[in-house]
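[1] I'd like to go over a predicted model; first the sequence, then the structure.
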2 protein chains.
Amino acid sequence: MEHDIPAEPRDTAIEQLEALGLSTYAARTFVALVALGTGTARDVSQVSDVPRTRVYDAIDELHGRGLVDVLQSSPKEFWAISAETTSRSFEQQLEHRVDTLRTALQEIEPVERRAEQRGVWTVNGQAAVTNRVLEFFESADDEIVYMTVEALLTDEIIDGLSEAYERGVRIKLGGISREVQAHIQAEVPDAEIFESLWVWSDTPAGRLMMVDGRKTLASALVNGENATPSDPRSETAIWGEGTNNSLVVVLKAIFTWRLENLHDAE
Amino acid sequence: MEHDIPAEPRDTAIEQLEALGLSTYAARTFVALVALGTGTARDVSQVSDVPRTRVYDAIDELHGRGLVDVLQSSPKEFWAISAETTSRSFEQQLEHRVDTLRTALQEIEPVERRAEQRGVWTVNGQAAVTNRVLEFFESADDEIVYMTVEALLTDEIIDGLSEAYERGVRIKLGGISREVQAHIQAEVPDAEIFESLWVWSDTPAGRLMMVDGRKTLASALVNGENATPSDPRSETAIWGEGTNNSLVVVLKAIFTWRLENLHDAE
DNA sequence: TGTTTTGTGATTATACGGGTGACATCTGAT
DNA sequence: ATCAGATGTCACCCGTATAATCACAAAACA
């Protein structure tokens, strides 16, 4: 039910190495060398399906990155560094990259960000939506109303809620099944839970959120032709900010009505 | 020079974003948006020198990655997520990549690595050489002899030595100036320090290392035409392993002679 | 209404990487 | 010494991706 699991760990490794910036020849060569431990160009070529004459280029690339050592003999022999060393090397390099990026971006980032305005913004992808939700959670200082399908109630989200709760923010949760409620109560004891008012329970549901009555977000799982229902990319959200924001107005109306109805029922 | 030379951080940001996989248009667009906070295609185009009609494609790319939100209006407005959120997003994604890679590589890595043999291997780049040195340090269980120019005596190296020392490995250090000795003594109290027997003191010196009399490494700083002396890429090393290894034999002879000479002098 | 702005699409040019082969050199066996 | 196969280096082709420009219709604006 998960997204296609690459049959071989080799394919996974190659895929990741390519994503990390290696050419496909270099990636395939390196994976072959890791499997072999050490080998000649011909060995590598046979295992990796890289044309023999191109193994040398690939080795140059890898040697330049410090991933492969070379034995100067004839035939040349190549030696791949260990999996652990490889991973640490990449981690180090990428950490440095991101740090440099962070510093540079913070320098050009205007001090005063986010002058609220009217307008409804769109976000794509589950990770991005979650980020936005968490940012809103962090900025909350009075109340969070959050309704979600359980598939999207990850630990990240629960942590965010818990943290806000510690700060004294009131939490109102919707759409949570009884089984999960126990878990939640442990993290956020006083969360007010209003069940099953998921209006569109048949449609590809997502989340609804309102923070301090000023920031709102709504998401849905849009399944394009070629998208799996569980594809993290298939979530799309809109959000708005400011008491006069159109989305805020609408969602606030809905939530207020729902929540007051709830109170009447009690 | 207070606020009129922001070109510098922008370029580094663009550079890093490209290295992390964005197209140059996307990178330039994103950096422009971070500076602007929010803006239209024309705004972005003017600031970033990206052709206006291509800004939309760049935005698509960024929106797909969750780095930019879009306001559906006319003209469309674009909004870049904060520097901090951007960095965290990349960190998360890359951490995941590296973890996947590590697991996959460890699965295909043969259990018994490194059947020692004769041969002299070459390594390029200071980072790679340091990695190799640290690996050797970790594998030491009797004695480490290490001679280096101070420029290459980083904290990493000292930590590695210190750790080995804690394990009960004897440490013999060469080429260390008196000022640095104090620092070393704090980390590795009983290190035996033999000074100034740097044979090639005029040449672009690097490091000499021997571990347990079975593993040796020698490096030099080769300054190609276009390489700065301090360029981390300009270090090249050779290493060998096994008691019969030719490099091991030679270096062991040198070290033994030097160290015994030292003892005679005392 | 006419004019400018905005968004989409098509188009060209170019750089890069994957893929194939020629060829001189080296190695080892006869 | 000779020869066949293996080895390493180059040169080349080709498809894709992407930078870069243009044409144009729809939309906003005055």
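    Received it, and whenever you're ready, just let me know what you need.
[2] same question for stretch A:236-255, mean pLDDT?
    Rounded to a whole number, the mean pLDDT of stretch A:236-255 is 81.
[3] do stretch A:130-138 as well
    On average, stretch A:130-138 scores 92.
[4] what residues sit buried inside that stretch?
    By neighbour count on 16 or more other CB atoms under 10 Å in any protein chain shown, the buried set for stretch A:130-138 is A:130, A:131, A:132, A:133, A:134, A:135, A:136, A:137. Where C-beta positions appear, they are placed from N, C-alpha and C, glycine not excepted.
[5] tell me the domain ranges of chain A?
    With domains defined by automatic domain parsing, chain A comprises A:9-84, A:121-265.
[6] in chain A, what spans have low per-residue confidence?
    For chain A, the stretches flagged by pLDDT under 70 are A:1-7, A:112-118, A:195-204, A:223-233, A:258-266.
[7] which stretches in it count as strands?
    A:38-39, A:68-71, A:77-80, A:121-124, A:143-148, A:170-174, A:192-194, A:207-211, A:215-221, A:235-241 (DSSP state E).
[8] Serialize these to TSV and add fields for mean neighbour count and distance to DNA strand C.
    Formatted as TSV, these follow (neighbours: other CB atoms under 10 Å in any protein chain shown; distance: least, CB to the nearest atom of the strand, whole Å):
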stretch	mean neighbour count	distance to DNA strand C
strand A:38-39	20	16
strand A:68-71	22	13
strand A:77-80	22	13
strand A:121-124	21	13
strand A:143-148	22	30
strand A:170-174	19	35
strand A:192-194	17	39
strand A:207-211	24	26
strand A:215-221	23	20
strand A:235-241	22	16
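[9] how many residues are close by the closest residue to residue A:185 other than its chain neighbours?
    Residue nearest to residue A:185 in three dimensions, not counting chain neighbours: residue A:191, with 7.2 Å by CB to CB, 6 or more residues apart in numbering or on different chains. Using other CB atoms under 10 Å in any protein chain shown, residue A:191 is surrounded by 19 other residues.
[10] so which bits of chain A are right by DNA strand C?
    By CB under 7 Å from any atom of the strand, the residues of chain A that approach DNA strand C are A:23, A:24, A:25, A:51, A:53, A:54, A:74.
[11] does the third one touch residue A:60 like I think?
    If I follow you right, that is residue A:25. No. Using CB atoms under 8 Å, residue A:25 is not in contact with residue A:60, being 10.4 Å away.
[12] between those two, who's got more neighbours?
    residue A:25 (19 against 14).
[13] is it true that the residue nearest to residue A:185 touches residue A:171?
    Yes. Taking CB under 8 Å as the definition, residue A:191 is a contact partner of residue A:171 at 4.2 Å.
[14] what does the residue nearest to residue A:214 when sequence neighbours are not counted show for phi and psi?
    Nearest residue to residue A:214 in three dimensions, chain neighbours excluded: residue A:243, at 5.6 Å (CB to CB, 6+ apart). Residue A:243 has phi and psi values of phi -60, psi -20 when expressed as degrees, to the nearest 10.
[15] so residue A:243 sits right up against residue A:216, yeah?
    No. At 10.7 Å, residue A:243 does not count as touching residue A:216 under the criterion of CB under 8 Å.
[16] ok, the residue of the stretch 101-250 of chain A found nearest chain B - contacts?
    Closest to chain B within the stretch 101-250 of chain A is residue A:128: 2.5 Å, counting by CB to the nearest CB. By CB atoms under 8 Å, 6 or more residues apart in numbering or on different chains, residue A:128 lies in contact with B:65, B:66, B:67, B:89.
[17] and if you look at residue A:218?
    A:206, A:207, A:208, A:209, A:237, A:238, A:239, A:247, A:251.
[18] residues contacting the second one?
    Right, the one you point to is residue A:207. Neighbours of residue A:207 in contact, by CB under 8 Å, 6+ apart: A:129, A:133, A:146, A:147, A:148, A:149, A:152, A:217, A:218, A:219, A:237.
[19] that one - nearest residue in space that isn't next to it in sequence?
    Counting by CB to CB, 6+ apart, the residue nearest residue A:207 is residue A:148, at 4.1 Å.
[20] for the one you found, give its distance to residue A:163.
    If you measure residue A:148 against residue A:163 using CB to CB, to the nearest Å, the figure is 17 Å.
[21] can you map out the helices along the stretch 51-200 of chain A?
    Taking DSSP state H, counting those that start in this stretch, the helices of the stretch 51-200 of chain A run over residues A:52-64, A:83-108, A:126-139, A:155-166, A:178-187.
[22] show me what counts as buried in the second one.
    In other words, helix A:83-108. A:83, A:85-91, A:93-94, A:97-98, A:100-102, A:104-108.
[23] before we move on, what about the fourth one?
    Using 16+ other CB under 10 Å as the burial criterion, the residues of helix A:155-166 that qualify are A:157, A:158, A:160, A:161, A:162, A:163, A:164, A:165.
[24] same question, the first one
    Within helix A:52-64, the residues that qualify as buried by neighbour count (16+ other CB under 10 Å) are A:54, A:55, A:58, A:59, A:61, A:62, A:63.
[25] close to DNA strand D: what parts of chain A are there?
    Counting by CB under 7 Å from any atom of the strand, chain A sits next to DNA strand D at A:40, A:41, A:42, A:52, A:53, A:54, A:56, A:74, A:75, A:76.
[26] could you dump those to a markdown table with distance to residue A:141?
    Below are the residues of chain A next to DNA strand D laid out as a markdown table (distance: CB to CB, whole Å):
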| residue | distance to residue A:141 |
| --- | --- |
| A:40 | 65 |
| A:41 | 64 |
| A:42 | 67 |
| A:52 | 65 |
| A:53 | 65 |
| A:54 | 60 |
| A:56 | 62 |
| A:74 | 71 |
| A:75 | 69 |
| A:76 | 65 |
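[27] save those residues as TSV, and put in distance to chain B too.
    TSV is the format used below for the residues of chain A next to DNA strand D (distance: CB to the nearest CB, whole Å):
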residue	distance to chain B
A:40	12
A:41	16
A:42	17
A:52	21
A:53	21
A:54	20
A:56	14
A:74	12
A:75	12
A:76	10
